[in-house]
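Student: how does the following fold in three dimensions:
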Amino acid sequence: MGDSDTPDLPRLLPDAVHRSVKPGTALLRLETKHAREGILDGAWWPRSRDIGAELPSLISALTEHLGPVTRVGLDGSAWDELPTRVMVDDRVVHIDSFPVGDDTVLITRGDRDHFSLMLVPPDTSPDAARAAMARAVRADNVTEAKQILIDTGSDTPATPA
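Tutor: As a prediction, the model looks like this:
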């Protein structure tokens with residue numbers, strides 16, 4: 001089933017895109033309205049659990065749209081290894097690790113400007129990832145990331161083809 005066969009979902013990613021991109025390519029969807037009414041500001045679908053390969057491209061993409069990112073907070077148990085800081089585009093970005101398992105990545109720009117991204121697990125099927133990402137960026141979304149992932153089947157690994 002192609003993207004045009006699902007009118008209730010916005011076009012996002014072709015089915016093979018997650019397999020065809022290399023680790024370190026940011027697959028990101030942001031809510032683009034000035035009013036931030038929903039509880040999530042976007043969604044990120046990393047290619048792997050290697051934070052060193054994945055995080056720099058996310059930070060670069062976010063910096064392009066939001067301005068300089070100073071901190072990233074995430075669940076350390078979701079990643080293979082977690083440094084305390086990374087250098088991206090000649091800037092130090094601090095990484096805060098929380099053992100919360102809430103399926104979100106918290107982005108800090110400046111002192112008090114925070115953005116919350118739903119983290120779609122790397123092994124999620126393309127259909128489930130598209131559905132989860134589309135739901136996360138809806139302006140009227142009041143559902144937490146974990147529940148969106150459960151509802152869309154994104155919390156279970158994709159079946160190998």
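Student: what bridges to the most centrally placed residue in the chain?
Tutor: Centroid check for the chain by CA atoms, centre = their mean gives Trp44 as the closest residue, at 1.4 Å. Counting by DSSP bridges, Trp44 is bridged to Leu28, Leu119.
Student: which other helices and strands contact the longest helix seen in the chain?
Tutor: Using DSSP state H, we find that the single longest helix of the chain is helix 51-66. Contacts defined by 3 or more CB pairs under 8 Å, 6 or more residues apart in numbering; DSSP states H and E place helix 51-66 against strand 28-30, strand 85-88, strand 91-97, strand 104-109. Any C-beta I mention is one placed from the backbone N, CA and C, and that applies to glycine too.
Student: want to throw these into a markdown table with mean neighbour count?
Tutor: Formatted as a markdown table, the helices and strands packed on helix 51-66 follow (neighbours: other CB atoms under 10 Å):
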| stretch | mean neighbour count |
| --- | --- |
| strand 28-30 | 19 |
| strand 85-88 | 14 |
| strand 91-97 | 15 |
| strand 104-109 | 20 |
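Student: returning to that earlier point: show me how far the longest helix of the chain is from its chain's centre.
Tutor: Its chain's C-alpha centre and that of helix 51-66 lie 10 Å apart, by CA atoms, centre = their mean, to the nearest Å.
Student: show me which residues of that helix are buried.
Tutor: Neighbour-count burial for helix 51-66 flags 51, 53-59, 61-63, 66 (criterion: 16 or more other CB atoms under 10 Å).
Student: relative orientation of it and strand 104-109 in degrees?
Tutor: 50 degrees (axes from the mean of the first three to the mean of the last three CA atoms, to 10 degrees).
Student: and helix 51-66, average pLDDT?
Tutor: Mean pLDDT, helix 51-66: 87.
Student: and the contacts of the helix or strand that it is followed by?
Tutor: Using DSSP states H and E, the helix or strand that follows helix 51-66 in sequence is strand 71-74. Strand 71-74 is contacted by residues 55, 59, 82, 93-98, 104-108, 119 when judged by CB atoms under 8 Å, 6 or more residues apart in numbering.
Student: ok, now with 7 Å
Tutor: By CB atoms under 7 Å, 6 or more residues apart in numbering, the surrounding residues in contact with strand 71-74 are 55, 93-98, 105-108.
Student: also stretch 92-109?
Tutor: Against stretch 92-109 from outside (CB under 7 Å, 6+ apart): 44, 59, 62, 66-77, 82-86, 114-119, 145-146, 149.
Student: output the below-cut-off pLDDT ranges for this structure.
Tutor: Within the chain, the ranges that satisfy pLDDT under 70 run 1-38, 100, 157-161.
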